[in-house]
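Undergrad: Sequence and predicted structure below; questions after.
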Amino acid sequence: MENNLKQIITDKGIKHGFLAKSVGVSDTAFSYWVNNHRQPSGVYIAKLCKVLWCTAEDIYDIRDVNAD
């Protein structure tokens, strides 16, 4: 499953280095997430949501399958 981190970060104009430091990972690890080479664990998704003011649904474009 790919994430939308690159688009969210671009839309918000936040620097990768700031986000990596804010969630406590290296720039390299963060780059892997942004480029969809690896996915962040649940703990880091929660931290990203807090810093980016978004939800996990935004990051992974998850929609309620029961929604009308």
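TA: On my side now, so go ahead.

Undergrad: quick one, strands of the chain?
TA: Shown for the chain, no strands are assigned by DSSP state E.

Undergrad: which stretches of it have low pLDDT?
TA: Within the chain, the segments meeting pLDDT under 70 span 63-68.

Undergrad: any idea which residue sits dead centre in it?
TA: In the chain, the residue lying closest to the centroid (Cα atoms, centre = their mean) is residue 5, at 4.2 Å.

Undergrad: give me the number of residues near residue 31?
TA: 14 (other Cβ atoms under 10 Å). (Glycine included, C-beta is placed from N, CA and C.)

Undergrad: what are the ranges of the helices in the chain?
TA: In the chain, the helices defined using DSSP state H lie at 5-12, 16-23, 27-34, 42-52, 56-60.

Undergrad: Residue 23 versus the closest residue to residue 31 other than its chain neighbours, what's the distance?
TA: In space, and not counting its chain neighbours, residue 31 is closest to residue 16: 6.9 Å by Cβ to Cβ, 6 or more residues apart in numbering. Per Cβ to Cβ, to the nearest Å, residue 16 is found 11 Å from residue 23.

Undergrad: any common contacting residues for those two?
TA: Contact criterion Cβ atoms under 8 Å, 6 or more residues apart in numbering; residues shared by residue 16 and residue 23: residue 30.

Undergrad: Those two: who's more crowded?
TA: Remark: of residue 16 and residue 23, residue 23 carries more neighbours, 21 against 15, as counted by other Cβ under 10 Å.
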